[in-house]
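Chemist: heads up, no residue letters with this:
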């Protein structure tokens, strides 16, 4: 059974139809409760904002926006650090019926420039002047862009001439807001957005290599938030620790709008590097994350256990007994044999106190819900944490579904599935086992790409997810992918063919095969060109006919430098960070190429399974 909405909030939330209305509702009903907490690098201290203070800030930002007199539906692009400023511009812009275009901080200037031009952004908020200079250096025309606001407290005043020669005006955030404070121009009344109006354009990578803008309406996002509340119910006493970029739809809906709906507090982590420290000091009750964070913690645990057979036995026994308890509580079949050797005879109460609780304390000690999405979490990781008592809830979705489509619940949590569809959403398995969906959360379409929009849907109006799935007792089990898209452990979606094509532009690489599904980074296997390899090996004093030479550290270093050079036009997360070189070409005859000269990916993955495993083991 799905958990109901909190009784006091259900009627009010049901009546809301836009995201600014959600923000206004929250500020009015719980004005004095803590809304956000973030670490201000300018003062080197944590700052806290109540909902009343957030309303004041958003009003101020809205006044600054009015000075630009943006048209209804204008696009506002944001490339900001993790702070309340991203919330302020998002809410201020949407209140004036504008649409936010969140940009990825780890994207390259070329992609950012493309998105700004493609979306026709009128305003850009950016965290560093240097980043803007890199965007300008791409030479991409940005005729719609009128103003660039630099959100950097250390930035010196920008000369007026910086906005000359056809470029947009540049202004520091503090100056931009101060101008509005001292303006004598009366505030203008703006028509509020409607449910069907566009709230955001979120760009996602496509197989063509050019990002596609997913248009999400207020109804799309708000219906998804309401549906999530039917599966997982935060309260006003919950504390979210947020570290995923707000440019990700997963974070926007589950780490931003969802806690707003129930008056939870959101604390912005200082950085991923300091996440472990922040969890101990903040002691969150809800964590919204990609699988990679849980994998990192699990890997550190295993590293410590490797030094002690005694501790390994205790850990195995705790996980085994805890997993059996989880299966019993959730009606799951447990086919695992008891683990832990002698330690399996110890009572759960002792294992919970001596093994499970110290590990749970790494998360702050009071984490009651650990949401994971964006990619599949390895079963060994989910089983371990569930066995130790951490409620890891896995779901499934995509930017096009706003994004959550299915999810497990605290009442029934089977980590081998991604749960049941949320209330109001439908799924089915179509041709080639493709999971297809429909509901109020499904995107409006792709910005400026009617043909791509048409291809994304079936003839009878169901969204094609590109994932293969099975439906078992109403639950969705993902079994594969139709699209040639790699989803890394951090949730980044990477089209391998684009990288492979880029690599083969270098004469050293005859063929390339990119990997990284559910892994922390992208890597590749590459076939070297015989003549180029001879020259490189000779310059390094190596024997080109000895296969061992291909794996020399000096060779790998040069190969990676050349790979990086070829991938300058790609996002940083799409650039391979490891390579395995081979000399034997892949052909139709050896079964590694199709008759149309396409890579046989499953066969290549099988052939180089050991080498790929070694890359990630390191």
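Modeler: Received, thanks. Given the structure is predicted, the values throughout are model-derived calculations rather than measurements.
Chemist: for residue 3, give me the pLDDT.
Modeler: Residue 3 is assigned 40 on the pLDDT scale.
Chemist: avg pLDDT for the longest helix that the chain contains?
Modeler: Of all the segments of type helix in the chain, defined by DSSP state H, the longest one is helix 309-330. Here helix 309-330 scores 97 as its mean pLDDT.
Chemist: that one packs against which elements?
Modeler: Secondary-structure packing of helix 309-330 (3 or more CB pairs under 8 Å, 6 or more residues apart in numbering; DSSP states H and E): helix 291-305, helix 348-351, helix 379-388. Using the backbone N, CA and C atoms, a C-beta is placed for each residue, glycine as well.
Chemist: beta partners for residue 523?
Modeler: Residue 523 has these beta-bridge partners by DSSP bridges: residue 515.
Chemist: before we move on, the earlier item: quick one, which of the helices and strands packed on helix 309-330 is nearest to residue 483?
Modeler: Ranking those by proximity to residue 483 (CB to CB) places helix 291-305 first, at 19.5 Å.
Chemist: how far is that closest one from where the chain is centred?
Modeler: 20 Å (CA atoms, centre = their mean, to the nearest Å).
Chemist: with stretch 89-105 instead?
Modeler: 18 Å.
Chemist: now do the same end-to-end measure for that stretch.
Modeler: End-to-end distance of stretch 89-105: 17 Å, with CA to CA, to the nearest Å as the criterion.
Chemist: would you mark the buried spots in the helix or strand of the chain with the lowest mean pLDDT?
Modeler: Every helix and strand of the chain was ranked by mean pLDDT, DSSP states H and E. The lowest is helix 10-15, at a mean of 78. Within helix 10-15, the residues that qualify as buried are residue 13, counting by 16 or more other CB atoms under 10 Å.
Chemist: who are the packing partners of it?
Modeler: Short answer (3+ CB pairs under 8 Å, 6+ apart): helix 10-15 packs on helix 19-29, helix 218-229.
Chemist: could the ones you listed go into CSV alongside distance to residue 59 and mean neighbour count?
Modeler: What follows is the helices and strands packed on helix 10-15, written out as CSV (distance: least, CB to CB, whole Å; neighbours: other CB atoms under 10 Å):
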stretch, distance to residue 59, mean neighbour count
helix 19-29, 10, 20
helix 218-229, 20, 24
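Chemist: those helices: which one's closest to residue 457?
Modeler: Residue 457 sits nearest to helix 218-229 of all the helices and strands packed on helix 10-15, at 14.6 Å, using CB to CB.
Chemist: just want the phi and psi numbers for residue 512.
Modeler: phi -150, psi 150 (degrees, to the nearest 10).
Chemist: thinking it is in contact with residue 500, fair?
Modeler: Yes - counting by CB atoms under 8 Å, residue 512 does reach residue 500; the two are 4.6 Å apart.
Chemist: domain map for the chain?
Modeler: Segmentation of the chain into domains, based on automatic domain parsing, reads 19-193, 289-481, 495-617.
Chemist: mind putting those in TSV, distance to residue 263 included?
Modeler: Conversion of these to TSV gives the following (distance: least, CB to CB, whole Å):
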stretch	distance to residue 263
domain 19-193	5
domain 289-481	16
domain 495-617	34
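Chemist: which one of the ones you listed lies closest to residue 213?
Modeler: domain 289-481 (3.4 Å).
Chemist: how close does residue 553 get to residue 510?
Modeler: Distance, residue 553 to residue 510, by CB to CB, to the nearest Å: 22 Å.
Chemist: repeat for residue 328
Modeler: Taking CB to CB, one finds residue 328 at 55 Å from residue 510.
Chemist: between these two, which one's more packed in?
Modeler: residue 510 (19 against 10; other CB atoms under 10 Å).
Chemist: quick one, grab the pLDDT at that one.
Modeler: We have a pLDDT of 88 for residue 510.
Chemist: so which elements touch the helix or strand harbouring residue 175?
Modeler: Residue 175 belongs to helix 173-181 when elements are defined using DSSP states H and E. Judged by 3+ CB pairs under 8 Å, 6+ apart, helix 173-181 is in contact with helix 51-66, strand 147-150.
Chemist: flag every buried residue along it.
Modeler: Burial within helix 173-181, assessed by neighbour count using 16+ other CB under 10 Å, is assigned to 173, 176, 177, 180.
Chemist: widest-spaced pair of the residues you listed?
Modeler: 173 and 180, at 11.2 Å, using CB to CB across these.
Chemist: overlap in contacts of those two?
Modeler: Counting by CB atoms under 8 Å, 6 or more residues apart in numbering, residue 173 and residue 180 have no common neighbour.
Chemist: if we can go back for a sec, right, so the helices and strands packed on helix 173-181: which one is the most enclosed?
Modeler: Of these, the one with the most neighbours on average (mean count of other CB atoms under 10 Å) is strand 147-150, at a mean of 24.
Chemist: where does the protein have low pLDDT?
Modeler: 1-10, 159-165, 182-189, 205-209, 594-597 (pLDDT under 70).
Chemist: beyond the lengthiest strand in it, next helix or strand please.
Modeler: Assignment by DSSP state E gives strand 463-472 as the longest strand of the chain. Counting by DSSP H and E, the next helix or strand C-terminal to strand 463-472 is strand 475-481.
Chemist: output the contacting helices and strands for that next one.
Modeler: Using 3+ CB pairs under 8 Å, 6+ apart, strand 475-481 sits against strand 420-421, strand 463-472.
Chemist: so can I have TSV of these showing distance to residue 318?
Modeler: Output for the helices and strands packed on strand 475-481, formatted as TSV (distance: least, CB to CB, whole Å):
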stretch	distance to residue 318
strand 420-421	29
strand 463-472	29
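Chemist: pick the most deeply packed of those strands.
Modeler: Of these, strand 420-421 is the most buried (mean count of other CB under 10 Å), at a mean of 22.
Chemist: which neighbours does that one have in its sheet, and in what orientation?
Modeler: With DSSP bridges as the test, strand 420-421 is paired with strand 404-407 (antiparallel).
Chemist: name the residues that touch the partner strand?
Modeler: Residues contacting strand 404-407 (CB under 8 Å, 6+ apart): 224, 227-228, 231-232, 250, 253-254, 373, 393-398, 418-422, 425, 427, 437, 439, 441, 465, 475-476.
Chemist: and if you look at stretch 575-583?
Modeler: 499, 503, 514, 521-528, 530, 533, 547, 550-551, 555-556, 559-560, 563-564, 567, 608, 611-612, 615, 618.
Chemist: I'd assumed residue 245 was in contact with residue 269.
Modeler: No - using CB under 8 Å, residue 269 is not in contact with residue 245; the gap is 11.3 Å.
Chemist: anything in contact with each of the two?
Modeler: Common neighbours of residue 269 and residue 245 (CB under 8 Å, 6+ apart) are residue 82.
Chemist: how near is residue 535 to residue 90?
Modeler: Applying CB to CB to residue 535 and residue 90 gives a distance of 53 Å.
Chemist: tell me how many other residues surround the closest residue to residue 225 other than its chain neighbours.
Modeler: Spatial nearest neighbour of residue 225, chain neighbours left out: residue 257 (4.9 Å); criterion: CB to CB, 6 or more residues apart in numbering. Using other CB under 10 Å, residue 257 has 22 neighbouring residues.
Chemist: and the gap between residue 257 and residue 36?
Modeler: Counting by CB to CB - residue 257 and residue 36 are separated by 13 Å.
Chemist: how about residue 193?
Modeler: Going from residue 193 to residue 36 by CB to CB gives 23 Å.
Chemist: re earlier: for the helices and strands packed on helix 173-181, give me CSV that also has distance to residue 461.
Modeler: Below are the helices and strands packed on helix 173-181 laid out as CSV (distance: least, CB to CB, whole Å):
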stretch, distance to residue 461
helix 51-66, 36
strand 147-150, 40
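Chemist: got a list of what residue 537 touches?
Modeler: Counting by CB under 8 Å, 6+ apart, residue 537 touches 543, 544, 549, 555.
Chemist: sorry, wrong one. I was asking about residue 453.
Modeler: Listed by CB under 8 Å, 6+ apart, the contact set of residue 453 reads 445, 446.
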